[in-house]
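Visitor: Here is my input; please provide its structure:
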Amino acid sequence: MRAERRPTNLIPLIDGDMLLYRNPDLEAFDDYVCSIMSDLNTDKAYVFVKTDDTSYRREVLKDYKANRPPRDSKVTELLEAVKTNLIINSMPQLETDDYLSIFASTNPDSYVIVSDDKDFDTIPGLHMKLKNRELYKVSKDEACLAFQRQLIIGDSADNVKGLPRKGPVYANNNLTTDLRLNYYKLIKLYEESKASLPDNFLALMILTSKEFLNFLNITWVEPQLYGTI
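Guide: Now for the predicted structure:
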């Protein structure tokens, strides 16, 4: 990942799920979005929020996100206020990162992904951290390596188990910049562990193309610019 000089007029694609947990009310949520636009010297933004519990990944892993507690009541109230008063984007069956990343791929030179979610580091392109507003670029090779790392570690937040007794230290010590060799290693490791590489691949992979939706029988909905209703 490479730090970037702050260009102007990039359009932020904002992970609104995180904003729900970082802002106490509707006004604060809106102020936060506006501050991001101001930092990027633009009057445009797209905000993506997961507004339901549907996910095609549950057809792959029935326990997907089964470890998560219900939303806090205050977060639920804020979500309802956001849905009622602001223009946000959500699609059934897709996670926020899927919808956002597919849209980012349509014009990668104009959009910047804004989130603190480490999963987005598996997506090449321009990124900005929510917390410190750090702007950085992820190359295709870096994104692929980050995904390979996830295939070893899994994702405890989503209840996707990685390889048994193989954690971050193992991934750091055994993955190399030779991405093809890494996949050969992963295939062998999954065969030895009896874990399902296809299932984990589908559960962990963030969608980046509308073409994937055809296989899932999901109809694309064009995102709308952020604003008030």
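Visitor: Please name the nearest non-neighbouring residue to the spatially most central residue of the chain.
Guide: For the chain, residue 97 is the residue whose C-alpha lies nearest the centre (C-alpha atoms, centre = their mean; 3.0 Å). Among residues not flanking residue 97 along the chain, residue 206 sits closest, at 4.9 Å (C-beta to C-beta, 6 or more residues apart in numbering). (Each C-beta comes from the backbone N, C-alpha and C, glycine too.)
Visitor: Could you check how far that neighbour is from residue 13?
Guide: In this structure, residue 206 and residue 13 are 13 Å apart, going by C-beta to C-beta, to the nearest Å.
Visitor: Am I right that the residue nearest to the centre of the chain is in a strand?
Guide: No: Residue 97 is assigned helix when assessed by DSSP: H, G, I helix; E, B strand; the rest coil, not a strand.
Visitor: Check the gap between it and residue 116 for me.
Guide: 12 Å.
Visitor: so what are the domain limits for the protein?
Guide: 2-140+207-216, 141-204 (automatic domain parsing).
Visitor: any chance of those in a markdown table, plus distance to residue 222 and mean pLDDT?
Guide: As requested, the domains of the chain are exported to a markdown table (distance: least, C-beta to C-beta, whole Å; pLDDT from 0 to 100):
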| stretch | distance to residue 222 | mean pLDDT |
| --- | --- | --- |
| domain 2-140+207-216 | 8 | 94 |
| domain 141-204 | 25 | 97 |
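Visitor: As TSV, these with distance to residue 229 would be great.
Guide: Shown next, in TSV, are those (distance: least, C-beta to C-beta, whole Å):
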stretch	distance to residue 229
domain 2-140+207-216	6
domain 141-204	31
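Visitor: Of residue 206 and residue 13, give the one with the bigger neighbour count.
Guide: residue 13 (28 against 21; other C-beta atoms under 10 Å).
Visitor: The more buried one contacts residue 114, correct?
Guide: Yes: Residue 13 is within contact range of residue 114, at 6.5 Å (criterion: C-beta atoms under 8 Å).
Visitor: mind listing the strands for this structure?
Guide: For the chain, the strands defined by DSSP state E cover 2-3, 11-15, 46-48, 111-114, 125-128, 135-138, 154-155, 160-161.
Visitor: show me the contacts for the closest residue to residue 25 other than its chain neighbours.
Guide: With sequence-adjacent residues excluded and distances taken as C-beta to C-beta, 6+ apart, residue 25 is closest to residue 78, at 6.6 Å. Counting by C-beta atoms under 8 Å, 6 or more residues apart in numbering, residue 78 touches 20, 23, 24, 25, 26, 29.
Visitor: Check residue 214 too.
Guide: Residue 214 neighbours (C-beta under 8 Å, 6+ apart): none.
Visitor: And for residue 177?
Guide: By C-beta under 8 Å, 6+ apart, the neighbours of residue 177 are 141, 145.
Visitor: What of residue 197?
Guide: 151, 186, 187, 190.
Visitor: I'd like the distance between it and residue 12.
Guide: On the measure of C-beta to C-beta, residue 197 and residue 12 end up 34 Å apart.
Visitor: Perfect, I'm done here.
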